[in-house]
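Undergrad: Here is my input; please provide its structure:
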Amino acid sequence: MNRRPRGWQLWRVAGCLTGMAVAASLVATTGCERAPDGKPIAVSRVLGEVGISPGQYAFPRCLDTDGRSLWVVDKLARVQRVDLKTGKGLSGWKMPDSDLGKPTGITVFDPTGRDEDELVFVADTHYHRVLVYRPGSEGSRENTPVTSFGSYGREDGQFIYPTDIAVLPDERGGIKRLYVSEYGGNDRISIWEPTPDASGGMMQFRFVRSFGVYGDEAAPGQVAFRRPQSMEIDHVRQRLVIADACNHRIGLFTLDGALLKWIGAANDGSQVAAGQNVESPLRYPYGLTLLDDGTALVAEFGGARVSRVDLDKGTVVATYGKPGRGDGELTTPWAVAVTGEDAFVLDSGNNRIVAFAAPAPRKEVAGLAGAGTPRLAHGGVGTSGSAPATVDVEPANAPRREEAPR
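TA: Numbers count the residues shown, from 1 in each chain. This next block holds a predicted model:
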């Protein structure tokens with residue numbers, strides 16, 4: 001692995017971290033620059049508690065669902081599959097490397113609705129790579145991935161700190177494209193596309209291009225990010241939705257990376273501390289999930305709440321939760337997911353998952369979302385620059401090649 005000293009980019013990371021500390025202080029003492037605290041969430045159940053046993057967590061930071069289970073990663077570097085009704089730990093593994101840091105993103109690609117065909121993508125943030133697992137129908141406690149791609153660097157096909165993966169399916173239920181977000185001074189979105197290997201039914205991921213630069217404003221023809229933390233693909237409206245966390249905004253893009261619009265303001269805590277009246281409806285949006293009616297649920301790390309955002313109008317239409325450690329209260333939530341009639345918010349600072357009733361659609365959209373579409377948990381141009389990675393995307397009962405242990 002090509003790891004280099006990190007001092008050169010720390011000043012850029014520090015701007016976001018300092019803003020987060022200032023924002024947390026202001027929220028706790030003055031409530032400045034944010035909407036009034038909402039009411040506690042009407043909790044339907046709480047999953048998990050602090051601990052090291054299956055179904056327990058030590059500051060969980062990643063959450064996704066395939067509609068049958070929840071997938072969670074915590075700061076003990078454990079990937080856990082848990083029962084979404086009871087919170088019982090079903091299976092999982094510990095990341096192969098974790099001394100340098102823990103993952104900050106997980107995405108489940110569920111093309112058939114069967115566990116045996118599922119792929120789990122993990123943003124192995126502090127090891128500058130994406131790991132791909134195939135847990136199988138019985139789950140897994142084996143931490144050897146099917147494949148990995150990425151290495152440390154700023155060049156095409158490399159990452160500083162990857163945060164999330166979004167998967168765009170093709171019309172046959174395979175993978176058409178991957179999007180990988182990253183931060184650390186190289187704040188951008190990289191696009192990868194698969195190249196089938198005709199000899200064995202394997203798939204290679206090829207870096208195609210990237211978009212984005214570090215900052216809160218960009219030159220014409222560019223787009224700026226400060227820690228793009230999570231992404232979702234709106235398959236109905238054919239757009240990519242990105243939580244630009246340290247700019248306190250949500251971005252809507254075409255699937256080729258052209259900016260459609262921003263929701264929120266590109267200001268950080270230093271501007272608030274300086275008394276500038278630059279207001280954003282969002283405070284460090286870390287996690288998001290899309291609803292069928294064109295709205296999104298956004299987990300606000302700095303706002304200690306979940307906001308429902310109308311992506312077309314650019315407005316916050318509802319909020320859920322308030323700061324605290326009691327019932328229905330949240331502390332530094334990192335992620336949110338919806339399946340069926342349930343919404344789940346990863347209440348990271350309280351080491352739990354809080355379930356509540358998913359919001360009802362705001363308008364009629366029957367038949368729009370997902371007919372024939374694989375269930376995806378989420379979700380100036382460069383050129384190809386790194387060696388392709390491989391991933392097995394055959395059905396589970398097809399012959400498979402053996403891969404060397406990593």
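Undergrad: gap between residue 309 and residue 350?
TA: Using Cβ to Cβ, to the nearest Å, residue 309 is found at 23 Å from residue 350. (Each C-beta comes from the backbone N, C-alpha and C, glycine too.)
Undergrad: what about residue 146, how many residues close to it?
TA: For residue 146, the neighbour count with other Cβ atoms under 10 Å is 18.
Undergrad: Touching, it and residue 134? I think so.
TA: Yes: using Cβ atoms under 8 Å, residue 146 makes contact with residue 134 at a distance of 5.1 Å.
Undergrad: can you tell me how far residue 361 sits from residue 293?
TA: 4 Å.
Undergrad: which one of these two has more residues nearby?
TA: Higher neighbour count among residue 361 and residue 293: residue 293, with 19 against 15, using other Cβ under 10 Å.
Undergrad: And the more buried one, how far from residue 336?
TA: For residue 293, the distance to residue 336 (Cβ to Cβ) stands at 16 Å.
Undergrad: again, but for residue 303
TA: From residue 303 over to residue 336 the distance is 12 Å, taken as Cβ to Cβ.
Undergrad: ok, these two, which is more surrounded?
TA: More neighbours surround residue 303 than the other of residue 303 and residue 336, with 30 against 24 (other Cβ under 10 Å).
Undergrad: Just give the closest residue to the more buried one, not the sequence neighbours.
TA: Excluding the flanking residues, the one nearest residue 303 by Cβ to Cβ, 6 or more residues apart in numbering is residue 283, at 3.7 Å.
Undergrad: before we move on, what about residue 286?
TA: Counting by Cβ to Cβ, 6+ apart, residue 301 is the residue found nearest to residue 286 once chain neighbours are left out, at 4.1 Å.
Undergrad: okay, the one you found: pLDDT?
TA: With respect to pLDDT, residue 301 scores 98.
Undergrad: now the one 5 residues further on
TA: Per-residue confidence for residue 306 comes out at a pLDDT of 98.
Undergrad: so which strand or helix has it?
TA: Residue 306 is part of strand 305-310 when elements are defined by DSSP states H and E.
Undergrad: name the helices or strands packed onto whichever helix or strand comes after that strand?
TA: Next along the chain after strand 305-310, taking DSSP H and E as the criterion, comes strand 315-320. The contact analysis (3 or more Cβ pairs under 8 Å, 6 or more residues apart in numbering; DSSP states H and E) places strand 315-320 against strand 305-310.
Undergrad: what angle sits between the strand it packs on and strand 315-320?
TA: If you take axes from the mean of the first three to the mean of the last three Cα atoms, to 10 degrees, strand 305-310 sits at 150 degrees to strand 315-320.
Undergrad: Strand partners (parallel or antiparallel) of strand 305-310?
TA: Using DSSP bridges, the strands paired with strand 305-310 are strand 295-300 (antiparallel), strand 315-320 (antiparallel).
Undergrad: For residue 186, find the nearest of these.
TA: strand 295-300 (24.0 Å; Cβ to Cβ).
Undergrad: and the nearest residue to residue 312 once chain neighbours are set aside, how many residues sit next to it?
TA: Distances taken as Cβ to Cβ, 6+ apart place residue 294 nearest to residue 312, at 5.3 Å, with adjacent residues excluded. Per other Cβ under 10 Å, the neighbour tally for residue 294 reads 20.
Undergrad: From residue 286, how far out is residue 132?
TA: Distance of residue 132 to residue 286, given as Cβ to Cβ: 23 Å.
Undergrad: And these two? Which one has more around it.
TA: residue 286 (28 against 23).
Undergrad: quick one: pLDDT of that one?
TA: pLDDT recorded at residue 286 is 98.
Undergrad: Could you do residue 366 as well?
TA: 40.
Undergrad: try residue 156
TA: If you check residue 156, the pLDDT there is 97.
Undergrad: Can you check my assumption that it lies in a helix?
TA: No: assigned with DSSP: H, G, I helix; E, B strand; the rest coil, residue 156 falls outside any helix and is coil.
Undergrad: pLDDT (mean, whole number) over stretch 255-271?
TA: Averaged across stretch 255-271, pLDDT comes to 77.
Undergrad: Residue 361 contacts residue 310, doesn't it?
TA: No: counting by Cβ under 8 Å, residue 361 sits too far from residue 310 to count as a contact (11.9 Å).
Undergrad: shared neighbours of these two, anything?
TA: When contacts are counted by Cβ atoms under 8 Å, 6 or more residues apart in numbering, residue 361 and residue 310 have no shared neighbour.
Undergrad: quick one: secondary structure of the residue nearest to residue 303?
TA: Under three-state DSSP, residue 283 falls in the coil class.
Undergrad: ok, how many other residues are close to it?
TA: Using other Cβ under 10 Å, residue 283 is surrounded by 26 other residues.
Undergrad: List phi and psi for it.
TA: Dihedral pair for residue 283: phi -120, psi 100, per degrees, to the nearest 10.
Undergrad: Please tell me how far it sits from residue 351.
TA: For residue 283, the distance to residue 351 (Cβ to Cβ) stands at 21 Å.
Undergrad: Done for today, thanks.
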